[in-house]
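Engineer: sequence unknown, structure follows:
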């Protein structure tokens, strides 16, 4: 199911009603899932701490997302000390930025802001949190305690979530964010998109030609992949357009993803009307 949009201007066209019907069947990741995916996998993150702790943004040395959606962060020791000794709730905003893992025009794919309050785990909770961060970053040094630890562990409890990505800008209710899961393809997405760009350029170009989005000399590159479909970016000297191809059913992991991609590349089918 291809859909075509201008990458810089996603204004719905006359076929939007049909697209809305397909979206209602769950043919794309919802905002809560997209926010959870960005919380776990976005390429970069900074923490903004307004008020008495300081106005300079902080780059966490590590982060991981708990089952309830709260986020564990490894921050400089002085920030952890300030959170621990503060008499008031410490407000924070985690700003996540996601970038396409292949070279494409307009490479930034998403921003996500998660605003909430910081706390410091204690007792056995601190050891568990450090272990979670160590597992997420494959850095056993994070398991160390006392002065040898490279930072302080804090927890961000979400109170407000905003995602602004290739699907548009949406607020997400904290309970919806907490109940959502990250996209199962996200952990493999960068590697898969890089492989598609390097080894399957002819197939990608053929798919976009089916929609009329490209001509022979245009460039086609994969820009995003999720459990519901593949998005390609088609570039000419005068225009950049996105085309999304939806899988016949959501994939659940590498095995079903491989079959879904093979069906896209080699299976029969004719394109529907382009959608934004």
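Structural biologist: Arrived safely. In this text, all values refer to a predicted model and were calculated from it rather than measured experimentally. Numbers count the residues shown, from 1 in each chain.
Engineer: ends of stretch 234-243, what's the gap?
Structural biologist: Across its full length, stretch 234-243 reaches 7 Å between end residues, using CA to CA, to the nearest Å.
Engineer: which parts of that stretch are buried?
Structural biologist: 234-235, 240-243 (16 or more other CB atoms under 10 Å). No exception for glycine: its C-beta is placed from N, CA and C like everyone else's.
Engineer: stretch 180-189 now?
Structural biologist: Neighbour counts over stretch 180-189 (16+ other CB under 10 Å) mark 180, 182-186, 189 as buried.
Engineer: before we move on, back to that, list just the nearest of the buried residues of stretch 234-243 to residue 122.
Structural biologist: In terms of CB to CB, no member of the buried residues of stretch 234-243 lies closer to residue 122 than residue 242, at 46.9 Å.
Engineer: quick one on the thing from earlier: now the buried residues of stretch 180-189 as CSV including distance to residue 83 and pLDDT?
Structural biologist: Formatted as CSV, the buried residues of stretch 180-189 follow (distance: CB to CB, whole Å; pLDDT from 0 to 100):
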residue, distance to residue 83, pLDDT
180, 26, 98
182, 26, 97
183, 31, 97
184, 33, 95
185, 35, 96
186, 29, 96
189, 33, 96
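Engineer: distance to residue 256 and secondary structure added to those residues, as a markdown table?
Structural biologist: Shown next, in a markdown table, are the buried residues of stretch 180-189 (distance: CB to CB, whole Å; DSSP: H, G, I helix; E, B strand; the rest coil):
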| residue | distance to residue 256 | secondary structure |
| --- | --- | --- |
| 180 | 20 | coil |
| 182 | 17 | coil |
| 183 | 13 | coil |
| 184 | 9 | coil |
| 185 | 10 | coil |
| 186 | 15 | helix |
| 189 | 15 | helix |
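Engineer: any idea which of those is the one closest to residue 73?
Structural biologist: The closest of these to residue 73 turns out to be residue 182 (CB to CB; 17.1 Å).
Engineer: is it true that that closest one touches residue 41?
Structural biologist: Yes - counting by CB atoms under 8 Å, residue 41 is a contact partner of residue 182 at 6.9 Å.
Engineer: CSV for the buried residues of stretch 180-189, including distance to residue 105?
Structural biologist: Formatted as CSV, these follow (distance: CB to CB, whole Å):
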residue, distance to residue 105
180, 30
182, 27
183, 24
184, 28
185, 23
186, 22
189, 19
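Engineer: mind listing what's buried in the host helix or strand of residue 188?
Structural biologist: Assessed by DSSP states H and E, residue 188 sits inside helix 186-199. Residues 186, 189-190, 192-193, 196-197 are the ones in helix 186-199 that count as buried (16+ other CB under 10 Å).
Engineer: what sits up against that helix?
Structural biologist: 37, 40-41, 100-102, 185, 204, 221-226, 254, 257, 261 (CB atoms under 8 Å, 6 or more residues apart in numbering).
Engineer: how many residues are close by residue 154?
Structural biologist: Counted with other CB atoms under 10 Å, residues neighbouring residue 154 total 24.
Engineer: where exactly do the helices run in the stretch 51-200 of the chain?
Structural biologist: According to DSSP state H, counting those that start in this stretch, the stretch 51-200 of the chain carries its helices in the segments 77-85, 124-137, 174-179, 186-199.
Engineer: okay if I get those as TSV plus distance to residue 247?
Structural biologist: What follows is the helices of the stretch 51-200 of the chain, written out as TSV (distance: least, CB to CB, whole Å):
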stretch	distance to residue 247
helix 77-85	43
helix 124-137	28
helix 174-179	24
helix 186-199	13
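Engineer: and of these, who's closest to residue 31?
Structural biologist: helix 174-179 (8.0 Å).
Engineer: which residue, neighbours along the chain excluded, lies closest to the residue nearest to the spatial centre of the chain?
Structural biologist: Centroid-nearest residue in the chain: residue 38, 3.3 Å away (criterion: CA atoms, centre = their mean). Spatially, and ignoring its direct neighbours in sequence, residue 38 is nearest to residue 112 (4.1 Å; CB to CB, 6 or more residues apart in numbering).
Engineer: and the helix or strand just after the helix holding residue 188, what does it pack onto?
Structural biologist: Moving toward the C-terminus from helix 186-199, the next helix or strand (DSSP H and E) is helix 201-211. With contacts defined as 3 or more CB pairs under 8 Å, 6 or more residues apart in numbering; DSSP states H and E, the packing partners of helix 201-211 are strand 2-6, strand 219-226, strand 229-235, strand 240-246, helix 254-266.
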